[in-house]
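J.: Sequence and predicted structure are below.
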Amino acid sequence: MQKTTPTPEQIELIFRLLEMQAESTRKIVFEAFEQVLKNPKPAEPSQSRKTMTVDEVAAFTGLAKGTIYIKTMRGLIPHYKRDKRVFFDRNEIEAWLLENKRITTTEADKQADKYLAQKASRQKR
C-alpha cells in the first residue's frame with residue numbers, strides 16, 4: 001500500500017472540519033452548563049428538610065410505598081398527619097430503622113456469661 005501525502009488544500013479542509021467540530025462541541029457544552037446553572041438539581045429532601053413524604057421515606061428505607069402506607073395505617077412507623085397528608089420526621093425514621101437491633105454472637109455470649117454468673121451467685125446464697 002502506497003502512502004500519499006495530502007495536498008495543502010486537503011490539509012486546510014481537514015483543519016476547517018476540525019474547527020467546525022470543535023465549535024459545535026463547545027456550543028453543546030456551554031448550553032449544557034447554562035441548563036445546569038438555570039435549573040440546578042435540588043438537594044436531597046432528607047438532607048435539606050426535616051420532614052419527608054411517603055415517597056421519600058420509601059426511597060430512604062428501601063421499603064415499597066405500599067409497605068410504608070400499611071405501616072402508617074397500623075401505627076407501626078412514626079408519622080404525622082395534616083389535612084389527609086402524611087409526613088415523617090427524618091430523625092424519627094432513622095431511629096425507627098435502628099430499633100430492634102440484632103445482637104452479634106459476641107454480645108450474645110457476653111449476655112449468656114453474665115446470666116450464668118448471676119445464676120451461680122444466687123445458688124451459692
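T.: That came in fine, so what should we check first?
J.: Just checking, which helix or strand of the chain averages the lowest pLDDT?
T.: helix 45-48 (a mean of 54; mean pLDDT, DSSP states H and E).
J.: got the residue ranges for the strands in the chain?
T.: Taking DSSP state E as the test, the strands found in the chain are 51-52, 80-82, 85-89.
J.: The shortest one pairs with which strands, and in what direction?
T.: I take that to be strand 51-52. Strand pairing for strand 51-52, determined by DSSP bridges: strand 85-89 (antiparallel).
J.: follow-up on the earlier one: can you lay out the strands of the chain as JSON lines showing mean neighbour count, mean pLDDT and distance to P8?
T.: C-beta: built from backbone N, CA, C; applies to glycine. Output for those, formatted as JSON lines (neighbours: other CB atoms under 10 Å; pLDDT from 0 to 100; distance: least, CB to CB, whole Å):
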{"stretch": "strand 51-52", "mean neighbour count": "18", "mean pLDDT": "93", "distance to P8": "67"}
{"stretch": "strand 80-82", "mean neighbour count": "9", "mean pLDDT": "93", "distance to P8": "76"}
{"stretch": "strand 85-89", "mean neighbour count": "16", "mean pLDDT": "94", "distance to P8": "71"}
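J.: how about the longest helix seen in the chain: buried residues?
T.: Longest helix in the chain, counting residues (DSSP state H): helix 8-38. Judged by neighbour count (16 or more other CB atoms under 10 Å), helix 8-38 contains no buried residues.
J.: which residues sit against stretch 6-19?
T.: By CB atoms under 8 Å, 6 or more residues apart in numbering, no surrounding residue is in contact with stretch 6-19.
J.: Oops, could you answer that again for stretch 63-75 instead?
T.: Residues from elsewhere that reach stretch 63-75 (CB under 8 Å, 6+ apart): V54, D55, V57, A58, T61, I77, H79, V86.
J.: switch to 6 Å and redo it
T.: Contacts with stretch 63-75, where a contact means CB atoms under 6 Å, 6 or more residues apart in numbering, come from V54, V57, A58, I77, H79, V86.
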